[in-house]
Structure formats: C-alpha cells, structure tokens
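A.B. asks: no sequence on this one, just coordinates:
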C-alpha cells in the first residue's frame with residue numbers, strides 16, 4: 001500500500017492493488033492563509049494559452065490550440081452525437097429564409113407579414129451563396145461553439161456581394177486591443193503555428209454593433225477590406241471561443257460510455273465461445289473413436305484428435321454458428337453404465353449483453369438531453385425504466401415544435417450577417433423569417449403544413 005501524507009503527517013490518499021481510498025475534510029491547526037488557499041476552487045487567472053505570430057498575440061483554442069480537430073474526432077466517432085448535431089442544424093435552418101415586410105400587427109400582437117416588394121432581395125436570400133453560408137456556419141456553431149463568416153465586398157467597397165463561410169478548423173482569434181478590436185488569422189496549418197506566407201489576417205467586426213463598425217470603416221476608407229463576423233454560442237461565458245453545449249455531456253463521461261458499449265459487445269460476440277460452453281468428454285470415447293491400432297504413431301493419433309476437436313469448436317464458436325445444435329452419441333455397457341456420453345453445459349454469464357444495451361440507450365439519451373433533443377423524435381425512446389417515453393405521433397410533433405421554438409436565438413444569430421449585408425446594400429426595411437415544415441395530425445387533411453417564423 002502507498003500512502004500520500006501532507007506536510008503535517010495527515011494521510012490524504014491511499015492506494016493499493018485492491019482498493020482506492022481518499023480522505024475528506026481539512027486537518028485541524030491549519031493557518032488562515034493555508035485555509036484560504038485550500039477553499040479557493042475558482043482560478044481567476046485567464047485560462048488561455050497564447051501564440052505569438054508576426055506581432056499578433058493569438059489566443060489558443062484549447063490547450064493545444066486544436067479544439068475543432070479534437071472535437072470533430074469525438075463527434076464523428078459517436079453516432080448519436082453526430083446525428084443529433086446534424087438534426088439540430090437541419091431544424092434550425094428550416095426550409096430556408098423568406099424576405100418580407102411587417103405590415104402591422106393583429107389584435108393578439110402577431111406580425112402581419114407581406115412579401116418584400118423587391119424580388120431581387122428574395123433572389124439573394126434564396127441563393128446558393130446564402131444557403132452555403134447558413135449551412136456551414138451553423139455546422140461549426142453547433143459542433144465547436146462558434147462559426148466564422150467573411151464579408152466579401154465589391155471593388156470599391158460600396159456593397160457586400162457575398163458571405164463566405166470560413167472553416168473553423170483554420171481560424172484563430174487574437175487578444176482584443178484596448179478598443180475591443182480583434183483579428184482573425186486564417187491558416188490551413190493550425191494547430192501548428194504557420195510560417196510566413198501560410199496565413200491571412202482579417203479584421204473582426206465589433207460584436208457589440210457590427211453594423212456600426214462597418215459604417216465607421218466606410219467613413220475611414222477601409223470598406224474595400226474584407227472583414228469577419230464571429231457567431232458565438234455565448235452560453236459558456238467564453239468571450240473569445242464559445243463552447244458547444246454537448247461538451248458538458250462529454251465531461252460527465254456519457255459520450256465515452258456510448259462509445260465503449262459497442263466496442264465491448266464486438267469483443268463479446270467475437271470471443272463468446274471462451275465462456276459459453278463447458279464440454280466434458282469421457283476417456284472411453286477416444287479409445288473407440290480413435291483406436292491406437294488405427295495409427296502408426298502417437299503423433300498421428302494426436303493430430304486426428306486435434307482436428308476433430310477443432311471442428312467441434314468451430315461448430316460452437318462465433319456469430320455465424322449461433323444457436324446451432326451439436327449431435328453426440330453414447331453407449332451403455334453390460335452393467336447399464338454410460339461410458340461415452342458427452343456433457344455440454346452452457347455457462348451462466350453473469351454479464352448480460354442486454355444490460356449493456358440498456359446502458360448504451362441511457363448514454364444515448366443523456367447525449368440527446370444535453371443537446372435539448374427529446375430522444376423520441378429520433379426514435380430513441382425506451383420502452384421502460386428511467387428513460388421511458390411515449391413514442392406516439394403527438395409526442396414527436398410536440399417535441400419538434402419545442403425544438404423550433406427554442407431555435408429562435410440561434411436563428412437570429414445566423415440571420416445577423418444576412419440582415420447587415422442587406423441593410424449595407426440599401427435595403428433598410430427588409431425583415432427575414434424562416435420557413436418551417438410543421439408536422440400535423442391526419443384529421444387536418446395533410447401530413448405537414450408550411451409556417452413562416
């Protein structure tokens with residue numbers, strides 16, 4: 001046993017080959033300064049590492065400056081997390097954007113919307129440029145906690161002609177200067193520090209009022225320069241790099257459980273004969289099945305027995321031979337005693353595969369809960385137990401409507417660059433709304449209906 005003591009001789013932790021123990025509480029006689037140090041659980045110092053690049057102090061994204069790469073490996077190797085994030089992306093973006101004007105309100109305060117009178121605007125918001133921006137930035141926003149979009153201007157900077165999504169893999173942000181301005185360094189070399197000529201630096205628009213920032217840049221004669229808008233999920237309180245909501249589920253260990261169960265089951269099915277059967281064979285069987293007189297040498301007889309047992313083992317081993325019967329025969333001697341009977345006994349496996357599937361389903365549910373997705377929407381409801389739920393159509397429809405209602409703030413974040421681009425180009429009174437497909441009951445005469453929100 002190994003024991004770790006503090007400087008006063010109080011045991012803090014003990015470990016040995018069969019158990020792991022640790023003590024709780026604080027020892028008596030501690031000084032006020034030591035007590036203050038012990039109870040301070042919050043580190044108030046910046047937890048960011050920095051990378052220096054051509055006079056720019058960049059904030060590292062995670063310890064090794066590789067958060068997008070690290071997160072993507074976790075997402076792509078966890079089926080329910082990958083599917084859940086794509087599901088969020090899809091219902092948040094709905095069926096595209098509709099350009100309209102607010103033509104008053106009804107008596108309940110609901111907006112009265114009419115199509116925007118200039119068809120050119122609807123052509124812009126329905127274009128591939130906008131669709132590509134929305135799809136890719138939403139991907140990075142939900143997977144990594146923030147997305148990046150570049151404002152592309154015409155030659156004289158009088159109009160923004162496009163929104164170019166930047167892959168979060170290749171974007172890193174600088175420390176803010178005293179005026180709150182930051183820069184985005186784009187390079188395919190990240191997380192390695194790029195060399196000269198391997199990166200591009202763009203100004204980041206003010207998060208407080210990016211539209212005002214664009215007006216100031218136009219006044220300063222900088223409107224021809226491309227700029228970047230960073231769309232962050234602010235829930236994590238991280239001012240530079242937002243954190244995705246699924247990260248809490250990873251830190252709690254549920255994602256590891258969801259990944260470990262299928263690996264465990266693969267090994268079980270591959271090696272199940274190791275503990276599946278106990279076969280007892282009497283010695284008399286071998287004397288009749290493989291008489292010594294039939295073989296020239298002992299080695300030949302041993303090989304024949306080995307080949308025979310290999311055939312028996314293959315018959316009992318593996319998924320392809322599951323539930324396959326084996327036939328044996330035995331003789332009774334003159335005294336009525338069985339001499340050659342095989343006894344094949346299935347071993348009781350205390351570790352049931354079904355239990356692991358329940359654990360896997362619980363892990364999948366916890367991952368979906370962290371994404372604020374009702375598991376029933378994806379057909380992941382369990383028939384009984386803690387995570388049981390009704391998978392009926394009404395439950396799925398209501399859960400989907402809740403998802404759409406909760407998507408409002410994320411949708412506004414994605415619309416900001418589009419609305420700023422339109423207003424910068426002179427379309428001051430345009431409003432943007434998302435098209436939604438709403439699931440309905442059959443008694444309405446249709447399985448779905450269109451909605452503008």
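C.D. replies: Looks like it arrived, so ask away. On a predicted model such as this, the values are computed, not experimentally measured, just so you know.
A.B. asks: Could you check the pLDDT of the residue at the greatest distance from the centre of the chain?
C.D. replies: Here the centre of the chain is the reference, and by C-alpha atoms, centre = their mean the most remote residue is residue 334, at 70.7 Å. If you check residue 334, the pLDDT there is 70.
A.B. asks: Not counting residues beside it along the chain, what's closest to residue 49?
C.D. replies: For residue 49, the nearest residue in space outside its immediate sequence neighbours is residue 60; the separation is 4.0 Å by C-beta to C-beta, 6 or more residues apart in numbering. For the C-beta atoms, the positions are set from N, CA and C on the backbone; glycine is no exception.
A.B. asks: before we move on, what about residue 131?
C.D. replies: Among residues not flanking residue 131 along the chain, residue 96 sits closest, at 7.1 Å (C-beta to C-beta, 6+ apart).
A.B. asks: Surely residue 413 and residue 141 touch.
C.D. replies: Yes - counting by C-beta atoms under 8 Å, a contact exists between residue 413 and residue 141, whose distance comes to 7.4 Å.
A.B. asks: higher neighbour count, the two?
C.D. replies: For residue 413 and residue 141, the more surrounded residue by other C-beta atoms under 10 Å is residue 141, and the numbers stand at 24 against 20.
A.B. asks: In which helix or strand does the closest residue to that one other than its chain neighbours reside?
C.D. replies: Spatially, and ignoring its direct neighbours in sequence, residue 141 is nearest to residue 147 (4.3 Å; C-beta to C-beta, 6+ apart). Residue 147 is located in strand 146-153, with elements delineated by DSSP states H and E.
A.B. asks: That strand pairs with which strands?
C.D. replies: With DSSP bridges as the test, strand 146-153 is paired with strand 160-166 (antiparallel), strand 227-232 (antiparallel).
A.B. asks: Just name the most buried of these.
C.D. replies: When neighbours are counted by mean count of other C-beta atoms under 10 Å, the highest per-stretch mean among the strands paired with strand 146-153 falls to strand 227-232, a mean of 22.
A.B. asks: Residues in contact with it: which ones?
C.D. replies: Applying C-beta atoms under 8 Å, 6 or more residues apart in numbering, the contact partners of strand 227-232 are 137, 141, 145-151, 166, 171, 173, 184, 202-205, 207, 210, 213-214, 217, 238, 241-242, 413-414, 416-417, 420.
A.B. asks: Need the residues that contact the strand holding residue 147.
C.D. replies: 133, 136-141, 159-168, 171, 184, 202, 205, 214, 223-233, 241-242, 417, 421.
A.B. asks: immediately after the one helix or strand residue 402 maps to, which helix or strand?
C.D. replies: With elements delineated by DSSP H and E, residue 402 resides in helix 393-406, which encompasses its position. With elements assigned by DSSP H and E, the helix or strand that comes after helix 393-406 is helix 408-424.
A.B. asks: So for that following helix, what gets flagged as buried?
C.D. replies: Taking 16 or more other C-beta atoms under 10 Å as the neighbour-count basis, helix 408-424 is seen to contain the buried residues 410-411, 413-422, 424.
A.B. asks: give me phi/psi at residue 59?
C.D. replies: Taking degrees, to the nearest 10, you get phi -90, psi 130 for the backbone angles of residue 59.
A.B. asks: ok, now which ones touch it?
C.D. replies: The contact partners of residue 59, by C-beta under 8 Å, 6+ apart, come to 48-51, 172-175, 240-241.
A.B. asks: What subset of those residues is buried?
C.D. replies: Neighbour-count burial (16+ other C-beta under 10 Å) applied to these gives 51, 172-174, 240-241.
A.B. asks: quick revisit: same list (the strands paired with strand 146-153) but as TSV, adding distance to residue 194.
C.D. replies: As requested, the strands paired with strand 146-153 are arranged in TSV below (distance: least, C-beta to C-beta, whole Å):
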stretch	distance to residue 194
strand 160-166	15
strand 227-232	17
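A.B. asks: And these: which comes nearest residue 260?
C.D. replies: Between residue 260 and the strands paired with strand 146-153, the shortest gap by C-beta to C-beta is with strand 227-232, which sits at 32.1 Å.
A.B. asks: After that closest one, which helix or strand is next?
C.D. replies: Heading C-terminal from strand 227-232, the first helix or strand you meet, by DSSP H and E, is helix 247-252.
A.B. asks: List of residues touching that following helix?
C.D. replies: 71, 74, 81, 145, 236, 255-256, 366-367, 369-370.
A.B. asks: Nearest to residue 118 among those?
C.D. replies: Distances from residue 118 to the contacts of helix 247-252, taken by C-beta to C-beta, are shortest for residue 145, at 35.9 Å.
A.B. asks: mind checking how far the closest one is from residue 368?
C.D. replies: Taking C-beta to C-beta, to the nearest Å as the criterion, residue 145 is separated from residue 368 by 18 Å.
A.B. asks: Residue 193 too?
C.D. replies: Distance check for residue 193 against residue 368: by C-beta to C-beta, it reads 38 Å.
A.B. asks: which of those two has more neighbours?
C.D. replies: Neighbours around residue 193 and residue 368, counted as other C-beta under 10 Å, are more numerous at residue 368. The numbers are 24 against 16.
A.B. asks: so that one touches residue 78, yeah?
C.D. replies: No - between residue 368 and residue 78 there is no contact, the gap being 11.5 Å when judged by C-beta under 8 Å.
A.B. asks: what stretches of the stretch 301-450 of the chain score poorly on pLDDT?
C.D. replies: Counting by pLDDT under 70, the stretch 301-450 of the chain shows low-confidence ranges at 316-331, 336, 339, 349-357, 379-393, 437-450.
A.B. asks: again, only using 50
C.D. replies: Segments of the stretch 301-450 of the chain classed as low confidence (criterion: pLDDT under 50) are 383-385, 442, 445.
A.B. asks: just to revisit the earlier point, now the contacts of helix 247-252: which count as buried?
C.D. replies: By neighbour count, with 16+ other C-beta under 10 Å, the contacts of helix 247-252 hold 71, 74, 81, 145, 236, 255, 366-367, 370 as buried.
A.B. asks: thinking again about what came up before, show me how far the helix holding residue 402 is from its chain's centre.
C.D. replies: If you compare the mean C-alpha spot of helix 393-406 with that of the full chain, they lie 21 Å apart, counting by C-alpha atoms, centre = their mean, to the nearest Å.
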